[in-house]
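sequence-free structure coming up:
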């Protein structure tokens, strides 16, 4: 899972969340749920839970999941991924901690070839 800097102007940076399949085999029936939670100015904050069905992904591929606003980078952003390989279902939780999506943590995201923050 990666949060990728798509483009930027002096006024704004545009970010998108991607699922990157670095496996040498396809994954199928890919489903991701996303939510944000934490505190802002001492008050609890929760975003809506969103569900994204990505279908099937070939080996060594990537797909966009959702655009993400910089305003939620101060929250914990959680992505719950479920997919199949053959007849076996797998799931994994990816958590981007508050303030982890910053310039100091940017790397070149494999396959996407853009800067971003990635959790494997």
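Perfect, thanks for sending it. On a predicted model such as this, the values are computed, not experimentally measured, just so you know.

give me the most central residue, this structure.
A centroid search over the chain (C-alpha atoms, centre = their mean) returns residue 17, at 3.8 Å, as the residue closest to the centre.

can you pull the contacts of that residue?
1-4, 34, 64-68, 79 (C-beta atoms under 8 Å, 6 or more residues apart in numbering). All C-beta spots, glycine's among them, are computed from the backbone N, C-alpha and C.

what's the PyMOL line that selects buried ones from these?
Buried subset of the contacts of residue 17, written as a PyMOL selection, criterion 16 or more other C-beta atoms under 10 Å:
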select buried, resi 1+2+3+4+34+65+68+79
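
can you get me a residue count around residue 111?
Residue neighbour count, defined by other C-beta atoms under 10 Å, stands at 13 for residue 111.

so which strand or helix has the residue nearest to the residue nearest to the centre of the chain when sequence neighbours are not counted?
Leaving aside its sequence neighbours, residue 17 sits nearest to residue 65 (C-beta to C-beta, 6 or more residues apart in numbering; 4.3 Å). Using DSSP states H and E, residue 65 maps to strand 61-68.

would you check that the residue nearest to residue 17 makes contact with residue 30?
No. Residue 65 is not in contact with residue 30 according to C-beta atoms under 8 Å; the separation is 9.5 Å.

what touches both of these two?
By C-beta under 8 Å, 6+ apart, residue 65 and residue 30 have these common neighbours: 19, 54.
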